[in-house]
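> build me a structure from this.
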Amino acid sequence: MVRISLDLMGGDHGPQVIIPGAAKALERHPDIRFVLYGLEAECLPILEKYPKVKAASTFHACEIAIAMDEKPSQALRRGRGKASMWQAIDAINRNEADVVVSAGNTGALMAMSVFCLRTMAGIQRPAIAAIWPTLKGESIVLDVGATIGADAQQLMDFALMGGAMARALFEMDRPTIGLLNVGVEEMKGQEDVKEAGRLIREANLDGIDYFGFVEGDDIGRGTVDVVVTEGFSGNIALKAAEGTARQIAEYLRAAMSRTLLAKIGYILAKGAFDRLREKMDPRKVNGGVFLGLNGVVIKSHGGADAEGFAAAIDVGYDMVRNGLKAKIETDLDKYRATRAPEGTPTGAGGEV
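Numbering: from 1, shown residues only. The predicted structure follows:
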């Protein structure tokens, strides 16, 4: 059984999308049990329409919903102990849930997650990891918005955590890791990026295979399994890719409806266009993972529909089933062992 805590009030549509999304996820994973948090008057009427979700859930009424445009500091002050988002996260601390999924305000979710769960020993800052569709399948990109600017050690931490996530999500033994840079040559890029490359290479860990520097176009190619960068450039890359996908879709839609011959061509090639639409559907890869915390937190797009939110739940389910947190802790311990002076103890969770 995988226990999933849901913030029903998060996102642009709240329980109207989240509960139907939970129903879709439950169909795929009957062993899910939900712990639901939200405003009673808004949530219970919708929950009644989904008896299977209701039967697999425990509902907890909350006093406050965090607004999508609320400042993280304000949300933390106003919602501490009371908001649906806070209580959904805190369910992990109370051992009532294995993972939390929210479509709510990203800054508030990160602030509350750090406050409630704390970062793992040795991790300076958490990261948000996104699943990215590529020509070869899928890859992981981190950070995509949690940390603006990162030094070499933080990039090293992101590489460790991204590698652990790739092993958990893709079930591979030694994922390839690349550092996003302005060129692949060793002399190019910022000093922190070059130093991070040296740290990753010299660590020589069993769980990751360091590829070297990669450029922006390597992300979509699937050159590596994990692309590591800091949150400013990572978030720009993510938003640029999403915008480009929408732009291409609009171009195709306009071209296919321009003339009668184009419309006939669309009908003849409909199967190919359907497969393209499936590949470019952002709902299929929804769900950013907050890495580096003492608990698994999944961030859904705020504008996701039911199918998109179900995909975010799927990611949380896979992270729990494949032991993401334990894999990160193991990799951190191995890395600490490579840096510890001979004879220095490096117990799990302890800093060297």
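
> what about Lys24, which helix or strand?
According to DSSP states H and E, Lys24 maps onto helix 15-28.

> just the buried residues of that helix, please?
Buried positions in helix 15-28, judged by neighbour count with 16 or more other C-beta atoms under 10 Å: Pro15, Val17, Ile18, Ile19, Pro20, Gly21, Ala22, Ala23, Lys24, Ala25, Leu26. Any C-beta I mention is one placed from the backbone N, CA and C, and that applies to glycine too.

> what do you get for stretch 164-175?
Ala164, Met165, Ala166, Arg167, Ala168, Leu169, Phe170, Pro175.

> quick check: the fourth one touching Pro175?
Yes - with contact taken as C-beta atoms under 8 Å, Arg167 and Pro175 are classed as touching, separated by 6.3 Å.

> identify the contacts common to the two.
Gly207 (C-beta atoms under 8 Å, 6 or more residues apart in numbering).

> burial count for Glu202?
11 (other C-beta atoms under 10 Å).

> quick one: pLDDT of the residue lying closest to Thr134 once chain neighbours are set aside?
Taking C-beta to C-beta, 6 or more residues apart in numbering, and ignoring the residues beside it in sequence, Thr134 has Gly222 as its nearest neighbour in space, at 3.2 Å. Here the pLDDT value assigned to Gly222 is 91.

> go on, the one 10 residues further on?
On the pLDDT scale, Phe232 is placed at 90.

> hang on, isn't it packed against Gly149?
Yes - in this structure Phe232 lies within contact range of Gly149 using C-beta under 8 Å: 6.5 Å.

> between those two, which is the more surrounded one?
Phe232 (15 against 11).

> ignoring the adjacent residues along the chain, who's closest to that one?
Ile148 (4.8 Å).

> what do you get for Val227?
Val227's closest residue in space is Val141 (C-beta to C-beta, 6+ apart), at 4.6 Å.

> cool, Cys116 as well?
Counting by C-beta to C-beta, 6+ apart, the residue nearest Cys116 is Ile89, at 4.7 Å.

> right, and the helix or strand after the one helix or strand the one you found maps to?
Per DSSP H and E, Ile89 falls inside helix 84-93. Later in the chain than helix 84-93, the nearest helix or strand by DSSP H and E is strand 99-102.

> tell me the helices and strands packed up against the helix or strand following that following strand.
Counting by DSSP H and E, the next helix or strand C-terminal to strand 99-102 is helix 106-117. Helices and strands touching helix 106-117, by 3 or more C-beta pairs under 8 Å, 6 or more residues apart in numbering; DSSP states H and E, are helix 72-79, helix 84-93, strand 288-291, strand 296-299.

> tell me the mean pLDDT over stretch 336-349?
The model assigns stretch 336-349 a mean pLDDT of 56.

> output the contacting helices and strands for the top helix by length along the chain.
Looking across the chain with DSSP state H, the single longest helix is helix 231-256. Under the contact definition 3+ C-beta pairs under 8 Å, 6+ apart, helix 231-256 sits against strand 127-134, strand 137-142, strand 176-180, helix 216-221, helix 260-268, helix 270-280.

> and Glu186, which of the ones you listed is closest to it?
Proximity to Glu186 (C-beta to C-beta) singles out strand 176-180 among those, at 10.9 Å.

> what's the angle between the helix or strand following that closest one and strand 176-180?
Per DSSP H and E, the first helix or strand lying C-terminal to strand 176-180 is helix 191-203. Interaxial angle, helix 191-203 versus strand 176-180 (axes from the mean of the first three to the mean of the last three C-alpha atoms, to 10 degrees): 160 degrees.

> quick one: list the elements packing against helix 191-203.
Using 3+ C-beta pairs under 8 Å, 6+ apart as the contact test, the elements touching helix 191-203 are helix 152-170, strand 176-180, strand 209-214.

> got the contact list for it?
With C-beta under 8 Å, 6+ apart, helix 191-203 has contacts from 150-153, 155-156, 159, 177, 179-181, 186-187, 208, 210, 212-213, 228, 335, 338.

> could you list the buried residues of that helix?
Asp192, Val193, Lys194, Glu195, Ala196, Gly197, Leu199, Ile200, Ala203.

> pick out the residue nearest the middle of this structure.
Gly288 (1.7 Å; C-alpha atoms, centre = their mean).

> need the contact list for that residue.
Applying C-beta under 8 Å, 6+ apart, the residues near Gly288 are Ile128, Ala129, Ala130, Val144, Ile298, Lys299, Ser300.

> look up how far Ala168 lies from it.
15 Å (C-beta to C-beta, to the nearest Å).

> and Asn286, by the same measure?
In terms of C-beta to C-beta, Asn286 sits 17 Å off from Ala168.

> could the helices and strands packed on helix 106-117 go into JSON lines alongside mean pLDDT?
Converted to JSON lines, the helices and strands packed on helix 106-117 look like this (pLDDT from 0 to 100):
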{"stretch": "helix 72-79", "mean pLDDT": "90"}
{"stretch": "helix 84-93", "mean pLDDT": "95"}
{"stretch": "strand 288-291", "mean pLDDT": "91"}
{"stretch": "strand 296-299", "mean pLDDT": "94"}
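
> pipe these into TSV and attach distance to Thr134 per row.
Putting these into TSV (distance: least, C-beta to C-beta, whole Å) gives the following:
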stretch	distance to Thr134
helix 72-79	32
helix 84-93	31
strand 288-291	17
strand 296-299	21
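
> perfect, I'm done here.
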